[in-house]
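no sequence on this one, just coordinates:
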């Protein structure tokens with residue numbers, strides 16, 4: 001609670017988009033007074049400096065004491081940004097406290113992105129300033145985005161879908177048929193959702209508060225998921241074709257909802273026009289688009305050995321020209337009118353351009369972003385990297401990661417029933433969900449997010465689940481959905497709703513989670529329903545209302561949209577943190593069980609009296625609602641609840657000298 005603090009937010013860093021050679025002011029907060037120093041094992045704090053590593057040669061910049069506000073001393077140093085990714089950490093020097101071993105001797109403390117240390121730390125754990133051309137960096141709207149993911153075949157079916165002939169691969173299904181978990185139905189079962197169906201339900205997204213719509217692939221394939229593209233030059237006629245995408249994007253933009261598409265940069269389908277031109281044709285221009293195992297272009301490399309997904313060879317200049325480079329490329333075409341997509345999510349971004357000794361990943365991602373910037377710099381680029389993504393996400397291209405290590409897996413481990421299993425793309429070892437305490441959630445979350453520059457952390461997805469994973473609710477501890485999505489909405493990052501989460505849908509793996517949306521639950525006549533149907537309807541309506549309320553919380557509070565992040569308490573069953581900005585702060589408590597936690601007034605970094613105590617925002621005891629309670633005293637505040645419970649309160653903004 002009383003640890004020195006720094007993060008990449010505007011409270012602590014003078015610019016979010018530095019350029020090479022710019023001098024940036026970085027600020028450190030340290031608890032003031034004897035109590036604060038004692039918590040650090042110090043009798044005195046004699047000096048603070050910033051240690052950078054430009055050109056891999058350490059350099060120190062002295063910090064000056066600016067003054068104190070609300071129990072915190074603020075120090076500031078000036079750092080010249082000398083490399084595109086400029087790492088830095090703080091060094092605190094003083095005298096060891098009299099009640100500590102070695103009393104009165106010199107003591108050094110290091111603060112980096114992982115936290116406070118009493119031994120020297122590694123450069124890879126430093127805070128990071130990212131210097132890049134402004135158009136390469138993230139758009140201004142990234143930090144306030146709430147993303148809704150749609151799997152088009154399963155979202156909604158317009159009347160026009162009935163008139164479309166089905167391709168040979170499709171196994172037709174009625175909207176309320178059960179999912180077929182076994183091949184060939186697993187990837188060939190066809191429910192017929194289309195883009196006009198999405199358009200017809202934009203009011204639902206608007207009511208939820210969604211402002212960013214992500215469509216999984218819309219190009220034709222030979223499967224319901226369409227990650228096995230036949231072409232990148234046209235929208236699948238089964239989805240309504242190019243005109244349907246234009247209609248959807250225009251209607252979404254009219255509601256203030258941006259739309260991003262999904263590209264498979266790692267592979268195409270084995271029926272893709274490029275692959276067909278090259279397969280068994282070594283003299284074809286497209287021959288070098290893929291990795292062939294023989295001179296006859298017969299055998300080939302594919303994604304994880306799946307033959308329907310042949311792997312691209314990004315050593316091909318012609319492939320780059322057609323797909324990712326320049327105004328006539330696939331990447332550029334769909335960002336320009338009349339389609340006007342607002343960005344891309346790149347599938348299997350972590351594997352793209354990598355095979356054995358060859359690694360062209362950086363070249364590919366940087367080329368994609370340059371092309372996007374030339375067409376429309378006000379676009380977002382998200383990359384799928386389901387495990388430790390930090391090494392690829394240092395600000396040179398990707399604006400955020402679709403990854404499960406920082407948030408999804410730690411969250412499941414804290415909020416799942418003991419002994420739960422989770423098959424499929426979520427990535428648990430042996431499909432076993434380990435049981436974590438709140439301290440382990442914090443440790444895992446902090447370990448993985450600390451590898452990202454701050455602005456990349458703001459663009460990384462906070463997903464309870466996606467189209468590739470089981471649904472969170474399937475094995476969640478009772479009553480923990482508000483806790484889970486509350487954390488998604490309030491921790492730094494982009495909250496994610498996979499279509500159907502708000503209906504209370506379940507699924508044991510990624511395929512089983514791609515459930516047709518039961519729209520009838522929001523409009524059926526309860527008097528004509530069975531008790532089971534009424535229970536499903538009540539769950540859908542209650543969960544939809546919960547999601548809408550938490551999204552409204554996220555979007556209404558400035559501190560939750562780019563503000564800083566400071567942990568106040570980590571316990572087995574409860575986590576407490578505060579998001580901070582100059583304009584306002586939000587105090588958050590998330591408990592999987594009963595809790596009572598007292599936060600010292602000195603830890604809050606904001607002044608308030610009993611007369612203007614924190615304002616309840618969500619889940620707090622208001623007007624008789626039996627939620628979390630906040631009680632103020634001279635010592636601070638006490639938060640308590642019968643759990644599971646998620647609650648948030650508004651505080652005043654942070655004052656700095």
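Cool, the structure landed. Computed from a predicted model, the values in this text were never measured in an experiment.

my read: residue 388 touches residue 451, true?
Yes. Using CB atoms under 8 Å, residue 388 is in contact with residue 451, at 7.2 Å. Quick note: C-beta positions are derived from backbone N, CA and C, even for glycine.

more neighbours: which of the two?
Neighbour comparison, residue 388 and residue 451: the larger count goes to residue 451, with 21 against 16 (by other CB atoms under 10 Å).

quick one: the helices in the stretch 151-300 of the chain?
152-155, 185-188, 195-199, 202-208, 241-254, 273-278 (DSSP state H, counting those that start in this stretch).

out of those helices, nearest to residue 137?
Residue 137 lies closest to helix 241-254 among these, at 22.4 Å (CB to CB).

roughly how far is the closest one from the heart of the chain?
25 Å (CA atoms, centre = their mean, to the nearest Å).

for stretch 219-236, same thing?
Going by CA atoms, centre = their mean, where stretch 219-236 is centred and where its chain is centred differ by 26 Å.

how far does it stretch from one end to the other?
Length of stretch 219-236, first residue to last, CA to CA, to the nearest Å: 5 Å.

buried residues in that stretch?
219-232, 235-236 (16 or more other CB atoms under 10 Å).

stretch 118-135 now?
Those would be 121, 125, 126, 127, 128, 129, 130, 131, 132, for stretch 118-135 by 16+ other CB under 10 Å.

got CSV for those, with secondary structure and pLDDT too?
Converted to CSV, those look like this (DSSP: H, G, I helix; E, B strand; the rest coil; pLDDT from 0 to 100):
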residue, secondary structure, pLDDT
121, coil, 96
125, helix, 95
126, coil, 98
127, strand, 98
128, strand, 98
129, strand, 97
130, strand, 97
131, coil, 96
132, coil, 88
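
measure the residue nearest the centre of the chain to residue 402 for me?
Nearest to the mean C-alpha position of the chain, by CA atoms, centre = their mean, lies residue 461 at 1.0 Å. Separation of residue 461 from residue 402 (CB to CB, to the nearest Å): 5 Å.

list residues touching both of these two?
Listed contacts common to residue 461 and residue 402 are residue 382; contacts here mean CB atoms under 8 Å, 6 or more residues apart in numbering.

how far away is residue 127 from residue 85?
From residue 127 to residue 85 the distance is 11 Å (CB to CB).

which positions in the top helix by length along the chain come out as buried?
Longest helix in the chain by number of residues, with DSSP state H as the criterion: helix 531-556. If you call a residue buried by 16+ other CB under 10 Å, then helix 531-556 has these buried ones: 536-537, 539-540, 543-544, 546-547, 549-555.

next helix or strand past that helix?
strand 564-570 (DSSP states H and E).

which residue sits closest to residue 365, ignoring its sequence neighbours?
residue 397 (3.8 Å; CB to CB, 6 or more residues apart in numbering).

with residue 593 instead?
Using CB to CB, 6+ apart, the nearest residue to residue 593 is residue 573, at 3.9 Å.

who's in contact with the one you found?
Neighbours of residue 573 in contact, by CB under 8 Å, 6+ apart: 437, 438, 591, 592, 593, 594, 595, 643.

among those residues, name the ones in helices.
residue 438.

quick one: buried ones out of the contacts of residue 573?
438, 591, 592, 593, 595, 643.

please name the residues that touch the first one.
The neighbours of residue 438, taking CB under 8 Å, 6+ apart as the test, are 414, 570, 571, 572, 573, 574, 575, 592.

for those, which one is nearest residue 143?
Distances from residue 143 to these, taken by CB to CB, are shortest for residue 575, at 21.6 Å.

in a helix, the closest one, correct?
No. Under the criterion used here (DSSP: H, G, I helix; E, B strand; the rest coil), residue 575 is strand, not part of a helix.

so it sits right up against residue 569, yeah?
Yes. Proximity of residue 575 to residue 569 meets the contact threshold set by CB under 8 Å, at 7.1 Å.

when these two are compared, which one has more neighbours?
Neighbours were counted for residue 575 and for residue 569 using other CB under 10 Å; residue 575 has more, 27 against 18.

measure the closest residue to residue 479 other than its chain neighbours to residue 463 for me?
Once flanking residues are discounted, residue 479 sits nearest to residue 644: 4.2 Å by CB to CB, 6+ apart. Distance, residue 644 to residue 463, by CB to CB: 20 Å.

those two: which has the busier surroundings?
Between residue 644 and residue 463, counted using other CB under 10 Å, the more crowded position is residue 463 (26 against 23).

now do the same end-to-end measure for stretch 198-216.
12 Å.

ugh, typo on my part, it should be stretch 175-182
18 Å.

off-centre distance for it?
With CA atoms, centre = their mean, you get 30 Å for stretch 175-182.

please point out which parts of it sit buried.
179, 180.

immediately after the helix-or-strand element of the chain with minimal mean pLDDT, which helix or strand?
Ranked by mean pLDDT, DSSP states H and E, the weakest helix or strand in the chain is helix 33-39, scoring a mean of 83. Sequence-wise, the next helix or strand downstream of helix 33-39 (DSSP H and E) is strand 42-52.

which helices and strands sit right next to that next one?
strand 23-31, helix 33-39, strand 59-62, strand 72-80, strand 85-96 (3 or more CB pairs under 8 Å, 6 or more residues apart in numbering; DSSP states H and E).

TSV for the ones you listed, including mean neighbour count?
Converted to TSV, the helices and strands packed on strand 42-52 look like this (neighbours: other CB atoms under 10 Å):
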stretch	mean neighbour count
strand 23-31	20
helix 33-39	15
strand 59-62	13
strand 72-80	21
strand 85-96	20
